[in-house]
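Asks: sequence plus predicted model, see below.
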Amino acid sequence: MRYMVTGGLGFIGSNFLQRNVVARPNDTFVNVDSCSYAANPKSVESLESAANYRFVRLDLAGGSDVRTVVTEVSPDVIVHFAAESHVDRSIRGPESFLRSNVIATHNLLEAARELWARGREGVRFHHVSTDEVFGSLGSEGAFTEETPYDPSSPYSATKAASDHLVRAWHRTFGLPVTISNCSNNYGPRQHPEKLIPLMILNAKAGHALPVYGEGANIRDWLHVDDHCAAIELILEKGQSGRTYNVGGHGERTNLQVVEAICTSMAAELGRSEASVREQIRYVQDRPGHDFRYAIDPRRIESELGWKPKWTFEDGLRETVRWYVANEAWCASAVNDDYRQWTQTHYAPPQTGTP
Ligand code: TYD
């Protein structure tokens, strides 16, 4: 099988490649990535010498180049991870999310349609999406595959649009597709703009741990390994045209997550837990901040036999250890772009008149 993995320098894509390239020597993997600010070549450094792995730099929003590359690679399977995914950045600048998430997906769908038009067997376009397309939950209930779309942020609106495109290409053109909508991922190689690596790196550096609002918002945490295992099962056994929700039964308030990180970091760094907790700062809330996400994963559990292997406690402890042990990776992620983002994003609000 020839796999085209888009966004393989990103968090989930690189973990997918790490799990599959060596384990499947008879399959080939072409990692297509635009090398945006969130891409980290270090995440796949160990795969560069593998005979069945190749990297192609490509902006999927770029138009005709996409057709050329898809035709040249001629994949049997496209796993579409590539996306801009940080809600706060989408609030600051929505336009690039339209390019990266909507236009790029359109271009890839069109290239796949053209390539596979001549009735190729066993091909599949898998679109990796988010539970944020469903909007916010109150304190009860969970998202199912039937939950109506109701996105809140520019980011989730563009992911919703891309999901609709993928479904439309299936219904209208018969493209063989599957979609997964997952809850918040965590684990190794995640960009430190996201809650868990941000808190780990800031705790280590002695910087503030910025909790939005009162830290009462709830996310349903899924280990990236469990997520990748779910995608592998969907590729193997999922039904074309079908959507699968993937969630790890890991609901926690943000404050619970941050406090658990403080506990693990204290143990790793040989500091008192109280001294790490003193770094917590309550900062201005995110506009339109969804209160709660929770996934009902019964479809993928019952139809495909998927079950998460990680408990949140074990997964978080191992994740903290990974970031503490992988200093070179962390140094590569804390680049100039990241420094600039944190300086402006977490700057104290301006007061008074200029
Ligand atoms: P994030 O990792 O940005 O994922 P998402 O917004 O896609 O769920 O944020 C997870 C939660 O953590 C979310 O409720 C916002 C909150 N948060 C903070 O409290 N402080 C931070 O510095 C960040 C980045 C997020």
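Replies: Sure thing, it's come through. Numbering: from 1, shown residues only.

Asks: contacts and neighbour counts: CA atoms only from here.
Replies: OK.

Asks: flag every residue of this structure that's near the ligand.
Replies: 86-87, 184, 193-195, 210-212, 215, 217, 254 (CA under 6 Å from any ligand atom).

Asks: and the residues you listed, which of them are in strands?
Replies: Among the residues of the chain next to the ligand, the ones falling in strands (DSSP state E) are 210-212.

Asks: make TSV from those and add distance to Ser46 and neighbour count to it.
Replies: Listed next are those as TSV, based on distance: CA to CA, whole Å; neighbours: other CA atoms under 10 Å:
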residue	distance to Ser46	neighbour count
Pro210	33	19
Val211	34	19
Tyr212	36	17
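
Asks: just give me the closest of these to Glu268.
Replies: Nearest to Glu268 out of those is Pro210 (CA to CA; 20.6 Å).

Asks: show me what contacts that closest one?
Replies: Each residue near Pro210 by CA atoms under 8 Å, 6 or more residues apart in numbering is listed here: 199, 280-283, 346.

Asks: what confidence value was assigned to it?
Replies: pLDDT for Pro210: 97.

Asks: assign Cys228 to helix, strand or coil.
Replies: helix (DSSP: H, G, I helix; E, B strand; the rest coil).

Asks: run a quick neighbour tally on it.
Replies: Applying other CA atoms under 10 Å, we find 18 residues neighbouring Cys228.

Asks: leaving out sequence neighbours, find the closest residue to it.
Replies: Phe16 (5.6 Å; CA to CA, 6 or more residues apart in numbering).

Asks: who's in contact with the residue of the stretch 251-354 of the chain found nearest the ligand?
Replies: Per CA to the nearest ligand atom, Asn254 is where the stretch 251-354 of the chain lies closest to the ligand, at 5.6 Å. Listed by CA under 8 Å, 6+ apart, the contact partners of Asn254 are 211, 215-219.

Asks: what number of residues lie near Leu304?
Replies: 17.

Asks: and Ala157, how close does it get to the ligand?
Replies: Ala157 sits 12 Å away from the ligand, going by CA to the nearest ligand atom, to the nearest Å.

Asks: also Glu84?
Replies: Glu84 is 11 Å from the ligand, by CA to the nearest ligand atom.
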